[in-house]
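J.: Just a sequence and a predicted model for now, questions to come.
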Amino acid sequence: MRTMKWIPLFCAGLALILSCNSGKENQDKEAEEVPNDQLGEQPIGRTIIPDQDSIAPVLELEADAYDFGKIKEGEKVEHEFKFTNTGASPLIISNVQASCGCTTPEYSKNPIAPGEKGMVKVVFNSSGQPGKQHKIVTVTSNALSTNTLLHIRGEVKK
């Protein structure tokens, strides 16, 4: 008997949720109908967001991979991955993470203005790393593509 009291309440809640979702679809549809070039004064309750792709920073690498060839175990290899911000707003690198402790990254910590260059320096320590190597460094930024992968490859001989 107690469950009978909950059925009308459940139905009312479900109807409320469904009516809210259909209203949201109509708002989304209205926002799509307004051309991007009409970013001036807008009626209250309607927000137009400009195309994020057109204003986002873009991290454009000269090369995303480096092959250090064959080295002797214990040697260190350094490489600078150079890039340019080809976007329309400052590029901010928030984190650079290597796939293992034998690889140490350093990076530009200041915002990189549109058209400016930056770099990520990677040092690979081959001590205790014999054999073929493929290390990945993940660059996290506010760029259009938030995660960029850098690759270091080679072979460590004993």
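T.: Looks like it came in fine. Numbering: from 1, shown residues only.
J.: Pop the domain breakdown of this protein in here.
T.: 2-50, 57-157 (automatic domain parsing).
J.: Among those, show the one with the smallest mean pLDDT.
T.: Between these, the one with the least mean pLDDT is domain 2-50; it has a mean of 49.
J.: Return the residues in contact with G154.
T.: Residues counted as contacts of G154 (CB atoms under 8 Å, 6 or more residues apart in numbering) are 67-71, 77, 124, 132-133. For glycine as for every other residue, the C-beta is placed from the backbone atoms N, C-alpha and C.
J.: list the buried ones in stretch 64-82?
T.: 66, 68, 71, 77, 79, 81 (16 or more other CB atoms under 10 Å).
J.: Contacts for the host helix or strand of the third one next, please.
T.: I71 belongs to strand 65-72 when assigned by DSSP states H and E. Taking contacts as CB under 8 Å, 6+ apart, the residues outside strand 65-72 that touch it are 77, 79, 81, 122, 124, 126, 150-158.
J.: mind running it again at 6 Å?
T.: Strand 65-72 is contacted by residues 77, 79, 126, 151-157 when judged by CB atoms under 6 Å, 6 or more residues apart in numbering.
J.: And the buried ones among the residues you listed, selectable in PyMOL?
T.: To isolate the buried ones among the contacts of strand 65-72 in PyMOL, judged by 16+ other CB under 10 Å, type:
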select buried, resi 77+79+126+151+152+154+156
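J.: now, the most widely separated pair of the contacts of strand 65-72?
T.: Maximum pairwise distance among the contacts of strand 65-72 (CB to CB): 20.2 Å, between H151 and K157.
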